[in-house]
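J.: would you be able to build a 3D model of this:
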Amino acid sequence: MATNRSQYSNQNDALNDLIVFFAERVDHLPEVKLDKLVYIAHLYHYANFGELLTKTRFFSLSYGPHAPTIRSALKRLLEKSAISLVKSRTSSDPVYSNPCLIIKTCGPKDNTLYSSHLNTLQKVLEDWGDKPYEAVLDYVARTIPHVSTPYREPIDWTMSRPRPELKAALSYPERVRIHRFVEDPETPLRRPDTSIREASLQIHEVVEIYLAVCGEEPGKAPSPQYLGFDLPSVFHALSKGGAKERDDPEESGDEIEQAAQIADSLMTSLSFRAFSARVALQAGMLLLRKLGYSYDGDVLESHWPDENSYEILKEWFATMSLRVDTSSKTC
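T.: Now for the predicted structure:
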């Protein structure tokens, strides 16, 4: 029993240290922003080192990842007079501003953080400390651990092996391009570039295809009903269709095979439930589009594949995907 109390105390201390760190260094820190900064810190540290800063549990909610224990930690710190809450406003304009409580520290605190933890927190501070809450929320709502977790379920970090790209998220213009492509595959993503020797499909692009197929808007957080998908299967599908450097720019066999492998894997694993087939085909099409192919109209509506087997999908991509004339000046 004494050991359990000691472990509980250590966990609380670790979370307290994170809260105090941000409270000391972020000028305008309401609780909602603190919640997201603590999540980002865990995301950054796991992506880089494969371990979590604390054992804090985050849940996927409609307004992004959330850790209920942060409020309990704030109450403990208030009772110890380690922090205080100061009334402030969300903007300098009193007409459009709403009152809110800002977290402040009550004097300097000794630094007890490990150097690796401190480096992670410094990076989070540099990236997001001075950003408005709306920008922070926009970022965390598109991070893979959050979007891949079903609504109100705890985020399981171990569903993905540590990798730097976990920290990434598509910018708003990048999301808009994906949504436009899903709506109209005939619209080019960019001017064909003969210097491209390899291209790959990123998990964030596949997830955005999924959200676009669901009818979500690129500028809003994903709706609760669309949170959650088979993350390991998506990573597996993308690894099977990994980009290969092409020696001959006119050689397209490997590219068609990559698209078919990705689509086949996403379909058979039902990674995105009822939307898996359409997401799978759009993912393969996007990979080929990035490699300089085009499509004659909405091929999904007019020429849906007869079967979902790999060979049929390979034949379908080879038939539907047209090589762009790179000598043309068409964008």
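J.: how much space separates the nearest residue in space to residue 209 that is not next to it in sequence from residue 208?
T.: The shortest distance from residue 209 to any non-neighbouring residue, by CB to CB, 6 or more residues apart in numbering, is to residue 282 (4.8 Å). C-beta here means a position set from N, CA and C on the backbone, and glycine is covered the same way. Distance of residue 282 to residue 208, given as CB to CB, to the nearest Å: 10 Å.
J.: any chance you could map the strands in this protein?
T.: Taking DSSP state E, the strands of the chain run over residues 59-61, 64-66, 83-89, 99-105, 293-295, 321-323.
J.: what strands flank the second one, and is each parallel or antiparallel?
T.: As defined by DSSP bridges, the strand partners of strand 64-66 come to strand 59-61 (antiparallel).
J.: and the average pLDDT for the partner strand is what?
T.: Here strand 59-61 scores 98 as its mean pLDDT.
J.: residues of that strand that come out buried?
T.: 59-61 (16 or more other CB atoms under 10 Å).
J.: make JSON lines from those and add distance to residue 68 to it.
T.: Putting the buried residues of strand 59-61 into JSON lines (distance: CB to CB, whole Å) gives the following:
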{"residue": "59", "distance to residue 68": "7"}
{"residue": "60", "distance to residue 68": "13"}
{"residue": "61", "distance to residue 68": "10"}
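J.: spell out which residues make up each domain of this structure.
T.: Each structural domain of the chain that the record assigns through automatic domain parsing is listed here as a residue range: 2-157, 170-323.
J.: sorry, back to before: which one of the buried residues of strand 59-61 sits closest to residue 168?
T.: Checking the buried residues of strand 59-61 against residue 168 by CB to CB gives residue 60 as the nearest, at 18.1 Å.
J.: list the contacts of the closest one.
T.: By CB atoms under 8 Å, 6 or more residues apart in numbering, residue 60 lies in contact with 146-147, 149-153, 155, 227-228.
J.: residue 217 now?
T.: If a contact means CB under 8 Å, 6+ apart, then residue 217 has residue 179 as its contacts.
J.: got phi/psi on it?
T.: According to degrees, to the nearest 10, the main-chain angles of residue 217 amount to phi -90, psi 140.
J.: measure it to residue 182 for me?
T.: Here the distance between residue 217 and residue 182 works out to 12 Å (CB to CB).
J.: still on that earlier bit, for the domains of the chain, give me a markdown table that also has distance to residue 164.
T.: Converted to a markdown table, the domains of the chain look like this (distance: least, CB to CB, whole Å):
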| stretch | distance to residue 164 |
| --- | --- |
| domain 2-157 | 6 |
| domain 170-323 | 12 |
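J.: where along this protein do the helices fall?
T.: In order along the chain, the chain carries the following helices (DSSP state H): 2-25, 31-49, 69-79, 115-128, 133-140, 144-147, 172-183, 203-213, 231-240, 253-269, 276-290, 299-302, 310-320.
J.: run the chain-centre distance for the second one.
T.: Yep, that's helix 31-49 we're talking about. Relative to the centre of its chain, helix 31-49 is centred 13 Å away, using CA atoms, centre = their mean, to the nearest Å.
J.: could you give the angle of it to helix 69-79?
T.: Using axes from the mean of the first three to the mean of the last three CA atoms, to 10 degrees, one finds that helix 31-49 and helix 69-79 are set 110 degrees apart in direction.
J.: tell me what helix 31-49 is packed against?
T.: helix 2-25, strand 64-66, helix 69-79, strand 99-105, helix 115-128, helix 133-140 (3 or more CB pairs under 8 Å, 6 or more residues apart in numbering; DSSP states H and E).
J.: out of those, nearest to residue 293?
T.: When these are ranked by distance to residue 293, counting by CB to CB, first place goes to helix 133-140 at 31.3 Å.
J.: and residue 233, how far from residue 159?
T.: Following CB to CB, the distance that separates residue 233 from residue 159 is 10 Å.
J.: which stretches of this structure have low pLDDT?
T.: Segments of the chain classed as low confidence (criterion: pLDDT under 70) are 1-11, 89-98, 108-111, 187-198, 241-253, 324-331.
J.: follow-up on the earlier one: farthest-separated two in the contacts of residue 60?
T.: Put simply, by CB to CB the two of the contacts of residue 60 set farthest apart are 147 and 152, 14.0 Å from each other.
J.: neighbour count: the two, which is higher?
T.: Relative neighbour count places residue 147 above the other of residue 147 and residue 152, with 26 against 12, counting by other CB atoms under 10 Å.
J.: many thanks, have a good one.
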